[in-house]
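the sequence isn't on hand, but the structure is:
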């Protein structure tokens, strides 16, 4: 950038900056260094009598920095109306490839001028039809071309991928081989990108492995395919191959893709190794996108100090992009630091839907359901807000479920309908959960029946709802339907089913289900202990504990202690309590239960000793809370 400024100073000093030749040279350098648009426009307007070359190179600059397509239209009109300059083939060639869908406006000018016979312009026209349709027009033009180049073939293959015609794209690729037309790097990369976007990662990798030579764009296409296809481990493996001697060097796009994959894995060790590799790249200066990806990676790996350092480096207060802000808000919310998250949320220069979703989800996931609902109310009435989407509603329904307020839940459903929000499986599942937790199992079942497609979470959520309300047989019937639909139950399914059987007193059914689990874990055993304990079969419960292939946790002895309290089994209660005092010495509930067991047996002194022990160890009894909803 310094050499560009020096050149400009020299030209100004010699009064050469008005001459077209030097303006073109300066615009070329501006494009190369991605100079600020205000600086570049100043150079452009310095030309006293600009010619077609000046306009062409200004087009190239705009194309490089990615301006809105209307800018190209304005430049074209300015050229015709104020400068009386006729475009040439080079100008139209750049315009066709830069102006996006607005390029359609220039077709009549091109045909009238006769420049459509120029091969580069013709390739541009082909590209317009291939991108914006109809593809049949592109194919007709392609078939009429007497001398097709590899660029023409590439445009058609890309066009077919764009309109979803994988068969024609593959056919053209193979015809190129049959006609011995040299496929270049772009041809192969187009096939990789097309298959990757379709989710055919195996086929994409096959094309990648067969490439005679690869560019950094080819590597990036395959890396992005893995990253966007939910295969972050493959992304990291391929990236390590890329770093092998003899391969091309990663660019900013490579690093941003790889760092994003590390973010999704949330592995701090992997995160550190990527940062070390980045630091080893002498002379490499991460751009805004790489730094933003690094911020997100550090945030998701729990390194908030590093994330915040990059956040400050980005100078986010100068930019309106919400991406780094959202990453930091989510990071603070994830670790429960809601004041810091809200502080950033309030200072944001511009919020988007993700910003609101991050904050609402933060409140919901950290048990601040009232604040989540209040913020949602602010979102739907705020001037700078975006409309809520399905992600918003999942958090809101979850908050309503935590509060157990059915009226509030029904209000949230009305917002869902008013805003015509698409109801995905996630939204359906959150609705089932909300209605279950609010005590309306009838509504939960209706939502479940309304679903066209159900997943494992749908079944687990409804089964858990049945379990919570003691509907044991309904849970078992739902398990059978689940298997009929070809969905295999997981550990959560069996925990919910066993809990339902326990609450409903279905001991025989529960035992059969427990025995059907191939590899029961400690939580399944805890459910079984609770079931036997409630039925008064404490000896069987003890035998089951002794036969467990793993170490019992607090839930096991907690279930046993609760059962001994119900059935007044003092000795077993003492045994269970002794185990619990070691595992969780500050849980006041265990002391209270043992004290009550002694009181029920008339052993007042032992009960008093338990309470004395609580006082000496500083264990305070948890305050019991309950509420009723009256008139909302």
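Sure thing, it's come through. Predicted model only: the values in this text are computed from it and were never measured. Numbers count the residues shown, from 1 in each chain.

low-scoring stretches of the stretch 51-200 of the chain, by residue?
Low-confidence segments of the stretch 51-200 of the chain (pLDDT under 70): 82, 99-112, 114-117.

separation between the closest residue to residue 363 other than its chain neighbours and residue 563?
Closest residue to residue 363 apart from its sequence neighbours, by CB to CB, 6 or more residues apart in numbering: residue 372 at 3.8 Å. Yep, even glycine has a C-beta here, placed from its N, CA and C like the rest. Applying CB to CB, to the nearest Å, the value for residue 372 to residue 563 is 37 Å.

cool, and residue 591?
17 Å.

give the residue from these two that has the larger number of neighbours.
Counted by other CB atoms under 10 Å, residue 591 and residue 563 do not tie: residue 563 has more neighbours, with 24 against 21.

now the more buried one: closest residue in space that isn't a chain neighbour?
Nearest non-adjacent residue to residue 563, counting by CB to CB, 6+ apart: residue 533, 2.5 Å away.

tell me the buried residues in stretch 568-583?
569, 570, 572, 573, 574, 575, 576, 577, 579, 580, 581 (16 or more other CB atoms under 10 Å).

do me a favour and average the pLDDT over it.
Across stretch 568-583, pLDDT averages out at 87.

any weak-confidence spans in the stretch 351-500 of the chain?
Residues of the stretch 351-500 of the chain that meet the cut-off, pLDDT under 70, sit at 384-385.

okay, helices next: where are they in it?
353-365, 369-381, 390-403, 406-418, 425-437, 441-450, 456-468, 472-484, 491-504 (DSSP state H, counting those that start in this stretch).

how far is the fifth one from where the chain is centred?
It stands for helix 425-437. Mean-position distance between helix 425-437 and its chain equals 21 Å (CA atoms, centre = their mean, to the nearest Å).

check which helices and strands it sits against.
Under the contact criterion of 3 or more CB pairs under 8 Å, 6 or more residues apart in numbering; DSSP states H and E, helix 425-437 touches helix 390-403, helix 406-418, helix 441-450, helix 456-468.

so which elements touch the last one?
Looking back up the chat, that one is helix 456-468. helix 425-437, helix 441-450, helix 472-484, helix 491-504.

hmm, who's touching the shortest one?
Read it as helix 441-450. Residues from elsewhere that reach helix 441-450 (CB atoms under 8 Å, 6 or more residues apart in numbering): 428, 431, 432, 435, 436, 454, 458, 462, 465, 466, 469, 471.

for residue 554, what are its contacts?
580, 583, 584, 587.

ok, the first one - contacts?
Right, residue 580. 554, 557, 558, 561, 587, 590.

how about CSV for the residues you listed, with pLDDT and distance to residue 407 added?
Output for the contacts of residue 580, formatted as CSV (pLDDT from 0 to 100; distance: CB to CB, whole Å):
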residue, pLDDT, distance to residue 407
554, 90, 37
557, 90, 40
558, 90, 34
561, 89, 38
587, 85, 35
590, 85, 37
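
and the helices in the stretch 201-350 of the chain?
201-210, 216-228, 232-242, 252-265, 268-280, 288-300, 304-313, 323-334, 338-347.
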